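Q: Sequence below, structure please.
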Amino acid sequence: MVGGRNVFSIGRIRHNENQLTEMLAWLAAAVPDVAAKIVGLALPSDLPQLDAADVEISTQYSIPRGFLDLLFESQSLVLVVESKLWSGYDSDQLRKYLDWLHGRRDGRVCGLMTLTEFDAPWPQEDEEFADKEAIQRAARRWRDLYVELGPLTEGAETGDLQATLVGEFLEMLQEEGLIPMTPLSPTELGPAWSESREMINHFRAFLDACTGEIEAAVGAPAGARSYPHPEFVWRDFSRDDGWRLAVCFHYTDEGKRLKGQPATRTPILRLGARTHGDWPNPALLAGLEAEPPSGWKVDPEHWLGRATIWRHLAEVLEEGAFEEQRERLASACSDGIRWINNILRQLPN
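A: Residues are numbered from 1 along each chain as shown. Here you go, the predicted model:
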């Protein structure tokens, strides 16, 4: 979502399990690949792949002694998904679902997947019953679903509706805190950016999770941001006086910015500054590039047409917990505001 409103965040009641399940069911019906990904997350990979177009999706499906949160049913499959946020399993809850599935098999693959906020292992007796009756079982977390659906956001930046819907659903999960953020690891901060889409998505989610701290550090609200891109993720922060500071993770230090020095091919942090009106303004651009903040280098590529400075991301974040890396990133971004303010002090009143 770029500069718009997230359809899943509008009216979202935080921690409401039933509403979240309804949203997931709607998304699975609107984007068949989502249904296929959910089924793939629930069932072993050696089972035959299901044609998601044949699946009937139901929510709050009535069974003896209760309701099923989410039911996927076809001529070859019966899959129950039980979603949980704060609470754990009720007494005999999983056995109730397993008993119902046992009676629905009639040659079809039957499975039960729990989808929880935190790790929630099944009671041993329920695992043993499922295995004995050949009912497929999976204890998953919302984070697992987040990772599984990540590749389906490809194409959102070009306006693909289905990719946009998936991206907005994942964004809503992140906003609600259902996807605990992990720090960027030494491997990720090394020359491994493009090894997997999951890794690229982690960079984007990390920047999203730091947005509040950056807003406080730079004194400006967040604005537009990029969709997942193979080479960068970025977010804009706009001041009341018309100046904007873009915060960007770029996949490599290679390019003109190194001035002939050997590249490490590791991610960099870029800060890009510009103001409203005619831009680039040669005088402002020259003034900004003449006095970069201490420890920063000028990027001659003028990313997005802005005056741009950069540092290696590993140097900024260092190792540590997510909260420590978030604080260091916000502090580094505040250098960008001091950089802008310094040039403003030099302008005639």
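Q: Distance of the spatially most central residue of the chain relative to Ser196?
A: Nearest residue to the geometric centre of the chain (Cα atoms, centre = their mean): Ala205, 4.0 Å. Computed as Cβ to Cβ, to the nearest Å, the Ala205 to Ser196 distance reads 14 Å. For glycine as for every other residue, the C-beta is placed from the backbone atoms N, C-alpha and C.
Q: Phe232 too?
A: 16 Å.
Q: More neighbours: which of the two?
A: Higher neighbour count among Phe232 and Ser196: Phe232, with 21 against 13, using other Cβ atoms under 10 Å.
Q: Verify the stated contact: that one with Cys248.
A: Yes - contact criterion Cβ atoms under 8 Å: Phe232 and Cys248 qualify, at 5.6 Å.
Q: For Ala134, which residues are in contact?
A: By Cβ atoms under 8 Å, 6 or more residues apart in numbering, the contact list for Ala134 reads Arg105, Cys110.
Q: For the one helix or strand Lys37 maps to, buried residues please.
A: Element membership for Lys37 (DSSP states H and E) is helix 32-42. Residues Val34, Ala35, Ala36, Lys37, Ile38, Val39, Leu41, Ala42 are the ones in helix 32-42 that count as buried (16 or more other Cβ atoms under 10 Å).
Q: Could you export the residues you listed as a markdown table, including pLDDT and distance to Leu68?
A: As requested, the buried residues of helix 32-42 are arranged in a markdown table below (pLDDT from 0 to 100; distance: Cβ to Cβ, whole Å):
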| residue | pLDDT | distance to Leu68 |
| --- | --- | --- |
| Val34 | 95 | 18 |
| Ala35 | 94 | 16 |
| Ala36 | 92 | 20 |
| Lys37 | 93 | 20 |
| Ile38 | 95 | 14 |
| Val39 | 93 | 15 |
| Leu41 | 94 | 17 |
| Ala42 | 94 | 14 |
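Q: Looking at these, which one is closest to Pro262?
A: Lys37 (41.5 Å; Cβ to Cβ).
Q: Verify the stated contact: the closest one with Tyr146.
A: No - contact criterion Cβ under 8 Å: Lys37 and Tyr146 do not qualify, at 10.9 Å.
Q: Appreciated, that's everything.
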